[in-house]
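Visitor: quick one, fold the following:
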Amino acid sequence: MLTFAQIALGAMLGCRFRGVTAKEFTSTLAWGTAFGVIITGLSAIAALAIGRITGFDHISVLLAYAPGGQTELNLLAVILGVDAAYVAMHHLVRLAIVLVGVQLLFRFRPDIVRKPPDDDPV
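Guide: Got it, this is the predicted structure:
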């Protein structure tokens, strides 16, 4: 069921690229790749530092702080034989912080919410 859901989600996201030129697509792909490499590198540096300070396994810390989906990173933790609960808890706490932070931001700064135009199909 999870495989079907990921394929369906991928197909729906792929359909959103309809009408995008090759130049726009390659530019977006390049920037996305660059951003992914930078954020993963920063996560690796933070994981090494936190691992040294706390004594936790560097791989567990890297998976806990790495950008990506919780399901995939927990699966990697199980495959690599590291503490999947540690990885899952960090992702859940990060998600909670983001959700609460966004709600507070929208509450105290309603002017930053971008409203879609009336003719936007989404």
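Visitor: ok, now which ones touch Leu92?
Guide: Gln70 (CB atoms under 8 Å, 6 or more residues apart in numbering). Quick note: C-beta positions are derived from backbone N, CA and C, even for glycine.
Visitor: list the buried residues of the strand or helix carrying it.
Guide: Per DSSP states H and E, Leu92 falls inside helix 84-108. Across helix 84-108, burial judged by 16 or more other CB atoms under 10 Å covers Ala84, Tyr86, Val87, Ala88, His90, His91.
Visitor: ok, the first one to Gly14 distance?
Guide: The one in question is Ala84. When distances are taken as CB to CB, to the nearest Å, Ala84 and Gly14 turn out to be 30 Å apart.
Visitor: and the third one, by the same measure?
Guide: Taking CB to CB as the measure, Val87 and Gly14 are separated by 29 Å.
Visitor: among the buried residues of helix 84-108, which one lies nearest to Ser27?
Guide: Ranking the buried residues of helix 84-108 by separation from Ser27, with CB to CB as the measure, puts His91 on top at 30.0 Å.
Visitor: now the closest one. Nearest residue, chain neighbours left out?
Guide: Spatial nearest neighbour of His91, chain neighbours left out: Gln70 (4.2 Å); criterion: CB to CB, 6 or more residues apart in numbering.
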